[in-house]
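S.K.: curious how this folds, go ahead:
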Amino acid sequence: MHDIMKKVKKILVSQPRPQTERNPYAEMEKMFGVECDFQQLIQVEGLSVREFRDQHIYLEDYTAIIVNSRLGIDHFFRIAEETRFSVPDTMHYYCISEAVGNYLQKYIQYRKRKVFTAENNRFEDLLPAMHRRPQEKYLMVLSDVHNDDDLNMFAENKVVVKPCILYRTVSTKWPENKPFDYDMIVLFTPSGVAALRKNFPNWEQGDTVIACFGANTAAALEEAGFRVDIKAPSAKYPSITTAVKDYLENQE
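M.R.: Next up is the predicted model:
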């Protein structure tokens, strides 16, 4: 997975701090005497009503919404409210996972709507239900940065889906007077890589260890000229925390 390069004492985790004290990062702090500093490099903001309308999408034209995250649900109902669109009880929801589907209860009476969820976090699982409803008109809620693989999959299976951008990811500004002196940096998205480069355009990696989650994040790091030392997920490392823990256990 990586070569042993340096003794890690301070780790930047580019995510919000976990809400509970019992979490893998707290366990690593106790086990290895490291300090984990949680600092988001990106934040999500919703598109304005004007930006939404520039896409020439009319919510009343659709009978079903496809969502791949809780953020997608939040921003669909936000834009519906801001455009004064009353979401009908007949609206169907196709969700990437059961957890995302359950989140709909924040906005709807779950049992009164038809909610379809993928079993294995793959939209392909929903194709049988979609094919049973050939008259359905689908709108897929997306971020400005997204992978077109799912849209292509739907097209290949003759399911017409209209993409709709409702939120974007933007870089956050690194706090003034906060030192950037980490032995390891943990990144989770290509947007996080872009934010790192934007905040520190002259930063050189040197012997700083970079850990990343996801193939797209790894590709973005390499394209930006960084060295990827730790990657997850994999057969051996199902999560980024298991990969980082292994590195810490084996460091000199």
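
S.K.: neighbours of T83, just the number please.
M.R.: 13 (other C-beta atoms under 10 Å). All C-beta spots, glycine's among them, are computed from the backbone N, C-alpha and C.

S.K.: burial measure for the closest residue to it other than its chain neighbours, as a count.
M.R.: Excluding its sequence neighbours, the residue lying closest to T83 (C-beta to C-beta, 6 or more residues apart in numbering) is V49, at 5.9 Å. For V49, the count of nearby residues is 13 (other C-beta under 10 Å).

S.K.: ok, now how distant is V49 from K137?
M.R.: 22 Å (C-beta to C-beta, to the nearest Å).

S.K.: same deal with T208?
M.R.: In terms of C-beta to C-beta, T208 sits 49 Å off from K137.

S.K.: which strand or helix spans Y93?
M.R.: Using DSSP states H and E, Y93 sits in strand 92-95.

S.K.: roughly how far is that strand from the heart of the chain?
M.R.: Relative to its chain's centre, strand 92-95 lies at 19 Å (C-alpha atoms, centre = their mean, to the nearest Å).

S.K.: phi and psi next, for the residue lying closest to H75 once chain neighbours are set aside.
M.R.: Distances taken as C-beta to C-beta, 6+ apart place L166 nearest to H75, at 4.0 Å, with adjacent residues excluded. When read as degrees, to the nearest 10, the backbone of L166 gives phi -120, psi -10.

S.K.: okay, now L166: neighbour count?
M.R.: Residues near L166, counting by other C-beta under 10 Å: 22.

S.K.: next up, the contacts around it.
M.R.: Residues in contact with L166, defined by C-beta atoms under 8 Å, 6 or more residues apart in numbering, are 46-47, 52, 72, 75-76, 78-79, 141-143.

S.K.: filter the residues you listed down to the buried ones.
M.R.: Among the contacts of L166, the ones that count as buried by 16 or more other C-beta atoms under 10 Å are 46-47, 52, 72, 75-76, 78-79, 141-143.

S.K.: okay, now the unreliable bits of the chain?
M.R.: 1-6, 111-113, 252 (pLDDT under 70).

S.K.: tell me the centre residue of it?
M.R.: T189 (6.9 Å; C-alpha atoms, centre = their mean).

S.K.: give the buried residues for stretch 21-34.
M.R.: For stretch 21-34, by 16+ other C-beta under 10 Å, it's 25, 28, 32, 34.

S.K.: using PDB, list the CA coordinates for it.
M.R.: Extracted in PDB, the C-alpha atoms of stretch 21-34 (Å, rounded to 0.1, in the frame of the first residue of the first chain):
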ATOM      1  CA  GLU A  21     -16.400  10.600  21.400                       C
ATOM      2  CA  ARG A  22     -16.400   6.900  20.400                       C
ATOM      3  CA  ASN A  23     -15.000   6.900  16.900                       C
ATOM      4  CA  PRO A  24     -12.100   5.400  15.000                       C
ATOM      5  CA  TYR A  25     -10.000   8.600  15.100                       C
ATOM      6  CA  ALA A  26     -10.400   9.000  18.900                       C
ATOM      7  CA  GLU A  27      -9.200   5.400  19.200                       C
ATOM      8  CA  MET A  28      -6.100   6.100  17.100                       C
ATOM      9  CA  GLU A  29      -5.300   9.100  19.200                       C
ATOM     10  CA  LYS A  30      -5.300   6.900  22.300                       C
ATOM     11  CA  MET A  31      -3.500   4.000  20.700                       C
ATOM     12  CA  PHE A  32      -0.700   5.800  18.800                       C
ATOM     13  CA  GLY A  33      -0.500   9.200  20.600                       C
ATOM     14  CA  VAL A  34      -1.400  11.100  17.400                       C
END
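
S.K.: I'm done for today, thanks for sticking with me.
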